[in-house]
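J.: build the 3D model from these lines:
(4 chains)
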2 protein chains.
Amino acid sequence: MSEALRPLRRNEIRQQNEALILQAAEKVFAEAGFGGATMQLIADVAGLPKANLHYYFTSKEELYRKVVSNIFDIWLHAAESMDNAPGPVEGIGAYIDAKMEISRRHPDGSKVWASEVMHGAPVIQDYLETTLRDWTAGRAALIQGWIDAGQMAAVNPDHLLYMLWAATQHYADFGHQIETLNGGPLTESQWREAKDSVKVMILRGIGAV
Amino acid sequence: MSEALRPLRRNEIRQQNEALILQAAEKVFAEAGFGGATMQLIADVAGLPKANLHYYFTSKEELYRKVVSNIFDIWLHAAESMDNAPGPVEGIGAYIDAKMEISRRHPDGSKVWASEVMHGAPVIQDYLETTLRDWTAGRAALIQGWIDAGQMAAVNPDHLLYMLWAATQHYADFGHQIETLNGGPLTESQWREAKDSVKVMILRGIGAV
DNA sequence: ATACAACCTGACCAAGCGGTCAACTAAAAT
DNA sequence: ATTTTAGTTGACCGCTTGGTCAGGTTGTAT
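T.: Next up, the predicted model:
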């Protein structure tokens, strides 16, 4: 209710509708995959006529590309938590926390990303080859520095990163399987236990505790 | 060449064509997802006319269901490697080996399974609730036994299982990402290193070494 | 008040989809 | 040799899809 009757300004309309569409698209792409998603369904979820989607996004693929790139930005932002840490316990611990929180708060985004990569990354191959490759190389060097300083065991940094990604994203991508086995969504304390379990196992696994 | 001209017997024809179709379907479903896959494309990959697929499988969904259930059987078989082990080092070590080998040899199957679960398991929900649930409960009890016997640290068995699944399947499901970062497919020795890394980190992570 | 540009949308379209079927060939049973 | 059954396939069908567009509405600049 409130002042909903005030006519919206142009900027607001565009911003609001694009956000609405992107939000609906993320959900539908996550649930059905790119091929299974339909513009009609996205439109219904967004509460807009289908033709309106094509006013803001010229094609299904462009809309999808926008969704994926938004997710990637969230990821990159979370990655910063690993920097400026005195050692692996703080750095990797914070990174696990951040990524687990993303799995909890943005499971749809995680699924879209997973789906995209699983199908050969037809849309974001360039991201993988540039931004992600650079990021990975940088963090691997960071980890190697901790190893050289005797702060953790001599594990392969690349495979450690893969394990971090795998273990944390699993709670989003395979959330349905976990919920089924758990007999329902994870509670607040179960999420805490999940985080702790992942952190304890990995940090001990790399000899950092 | 050889004796390819000998007329095939009925049994052979059926067996051969069903295998051909299932193989092609697994590949196409893995690459495009259920919604993105088309019967025509599966037919092309199998080298058969589309109408022939519908002679052996009444619908796209039935074909898909068969593919998924085949994968599940492979998984259950690999799960046996965890049994009859004197302790976590042997049991979990063997399980990691088995699952890493599956990721390497059957990446398409793993992707189809992941895709199915990610999209809410519309087809195999009953598997999750019966077979998988029972299997998980059994292995969690086995792990708890090892903990009680002082053979490993007191970690949450469920989250350990999730980590095992996540870490091993990642090499199949996100194989494309890994290959991109690696600058090409993993070599024989890189696969060995991957296996060792996962095993060392997890076994140390659960205090079993 | 008027002109302009941005926004909106029902109706429509060509293309591709899963699935069907009748006519055919080849193996097996009689 | 003949009948029956299993396997094969091009042509076809109804339906849904992503995408278009003409004509209308609404905010904004003059």
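J.: run through the residues of chain A sitting next to DNA strand C.
T.: Residues of chain A lying close to DNA strand C by CB under 7 Å from any atom of the strand are A:R10, A:I13, A:R14, A:N17, A:L48, A:P49, A:K50, A:A51, A:N52, A:H54, A:Y55, A:Y56. Backbone N, C-alpha and C define where each C-beta goes, glycine included.
J.: for stretch A:75-83, buried residues please.
T.: By 16 or more other CB atoms under 10 Å in any protein chain shown, the buried positions in stretch A:75-83 come out as A:W75, A:A78, A:A79, A:S81, A:M82.
J.: so what's the last one up against?
T.: Contacts of A:M82 were listed using CB atoms under 8 Å, 6 or more residues apart in numbering or on different chains, and they are A:G91, A:I92, A:A94, A:Y95, A:R139, A:L142.
J.: excluding sequence neighbours, find me the nearest residue to A:L128.
T.: Excluding its sequence neighbours, the residue lying closest to A:L128 (CB to CB, 6 or more residues apart in numbering or on different chains) is B:T180, at 4.5 Å.
J.: list the contacts of the one you found.
T.: Taking CB under 8 Å, 6+ apart as the criterion, B:T180 is in contact with A:A121, A:Q125, A:L128, A:E129, A:L132, A:R133.
J.: write a ChimeraX command that selects only the buried members of those residues.
T.: Buried subset of the contacts of B:T180, written as a ChimeraX selection, criterion 16+ other CB under 10 Å:
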select /A:121,128,132
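J.: what is the most widely separated pair among the contacts of B:T180?
T.: The most widely separated members of these are A:A121 and A:R133, with 12.5 Å between them, by CB to CB.
J.: is the top helix by length along chain A positioned near chain B?
T.: In chain A, assigned by DSSP state H, the helix with the most residues is helix A:10-36. Yes - judged by CB under 8 Å from any CB of the partner chain, helix A:10-36 and chain B are in contact via A:A30, A:E31, A:A32, A:G33, A:F34, A:G35, A:G36.
J.: give the buried residues for that helix.
T.: For helix A:10-36, burial by neighbour count (16+ other CB under 10 Å) applies to A:17, A:20-36.
J.: now the residue in chain A that DNA strand C sits nearest to, what's its secondary structure?
T.: Here the residue of chain A nearest DNA strand C is A:A51; by CB to the nearest atom of the strand that distance is 2.9 Å. Here A:A51 takes the helix state, with states given by DSSP: H, G, I helix; E, B strand; the rest coil.
J.: pLDDT on stretch A:164-183, on average?
T.: The pLDDT scores in stretch A:164-183 average 98.
J.: quick one: contacts of stretch A:14-28?
T.: Residues from elsewhere that reach stretch A:14-28 (CB under 8 Å, 6+ apart): A:8, A:37-38, A:41-43, A:45-48, A:52-53, A:56-57, A:63-64, A:66-67, A:70-71, A:108-109, A:112.
J.: please redo it, this time with the cut-off set to 6 Å
T.: A:A37, A:L41, A:I42, A:V45, A:A46, A:L53, A:Y56, A:L63, A:V67, A:D108, A:G109 (CB atoms under 6 Å, 6 or more residues apart in numbering or on different chains).
J.: and chain A, which of its residues are near chain B?
T.: Residues of chain A found near chain B (CB under 6 Å from any CB of the partner chain) are A:32-33, A:35-36, A:111, A:117-118, A:120-121, A:128, A:133, A:136, A:156, A:159, A:162-163, A:166-167, A:170, A:173-174, A:176-177, A:180-181, A:194, A:197, A:201, A:204-205.
J.: for whichever strand or helix holds A:Q144, buried residues please.
T.: For A:Q144, the host element (DSSP states H and E) is helix A:133-148. Residues of helix A:133-148 classed as buried by neighbour count (16+ other CB under 10 Å): A:W135, A:T136, A:R139, A:A140, A:L142, A:I143, A:W146, A:I147.
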